[in-house]
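J.: got a sequence here, can you model it:
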Amino acid sequence: MASRVVAYVLMTATQVFGRAFAQAYRQAAANAARGGGQQAQKMHKAAKKAAENINTRTTSRRSGMSLEEAHRVLNVKEESTAQQIVDSFNHLFKTNEKAKGGSFYLQSKVYRAKQTFEDLAPKRITLEQK
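T.: Numbers count the residues shown, from 1 in each chain. All right, here's what the predicted structure looks like:
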């Protein structure tokens, strides 16, 4: 008896979901026929372009790091001078050398922070590794 009830519930649920899916598909096809698909594509392209513009202003494409993260990695403030940033980079890069028992991962993060400063603040700082 219990198996009959379970089977009946499953059959009813399948029918309900099947009808809902078919109705949603018909509605989507009707929207596409009226040009809704083209409108959705235009909106998608506009949103993607806006996201790219925002992302490129705050994140370096080469390093994939934001300027705020670069400040944290190099342990410098936003108002730090170029010389302070260079000194911090050189110190952290040399400290994390593999030969001295440092971390290659941390050294990579420090290098990416340098690249971020070069990409996003080129007029403010020109970094050269000593």
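
J.: could you list the low-pLDDT ranges of this structure?
T.: Across the chain, residues meeting the criterion (pLDDT under 70) sit at 35-40, 43-44, 46-57, 122-130.

J.: repeat that with 80
T.: For the chain, the stretches with pLDDT under 80 are 1, 29-64, 120-130.

J.: what about the helices in it?
T.: Per DSSP state H, the chain has helices spanning 2-33, 36-58, 67-74, 82-95, 104-120. These are given in chain order.

J.: OK, contacts around Arg61?
T.: Asp119 (C-beta atoms under 8 Å, 6 or more residues apart in numbering). Every C-beta, even on glycine, is put in place using the N, C-alpha and C of the backbone.

J.: how near is Arg26 to Thr59?
T.: Distance of Arg26 to Thr59, computed by C-beta to C-beta, to the nearest Å: 42 Å.

J.: re earlier: dump the helices of the chain into TSV; add mean neighbour count as well.
T.: Shown next, in TSV, are the helices of the chain (neighbours: other C-beta atoms under 10 Å):
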stretch	mean neighbour count
helix 2-33	10
helix 36-58	11
helix 67-74	18
helix 82-95	17
helix 104-120	19
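
J.: so what's the backbone phi/psi at Glu79?
T.: Torsion angles at Glu79 (phi, psi; degrees, to the nearest 10) stand at phi -90, psi 10.

J.: distance of it relative to Glu118?
T.: With the distance defined as C-beta to C-beta, Glu79 ends up 19 Å from Glu118.

J.: just Val6 next, same as before
T.: In this view, Val6 and Glu118 are 65 Å apart by C-beta to C-beta.

J.: count the neighbours of the nearest residue to Gln107 once chain neighbours are set aside for me.
T.: Nearest residue to Gln107, sequence neighbours excluded (C-beta to C-beta, 6 or more residues apart in numbering): Asn96, at 3.9 Å. Using other C-beta atoms under 10 Å, Asn96 is surrounded by 19 other residues.

J.: do I have it right that Asn96 meets Leu106?
T.: Yes - using C-beta atoms under 8 Å, Asn96 is in contact with Leu106, at 4.5 Å.

J.: mind listing what the residue nearest to Gln107 touches?
T.: Counting by C-beta under 8 Å, 6+ apart, Asn96 makes contact with Gly102, Ser103, Phe104, Leu106, Gln107, Val110.
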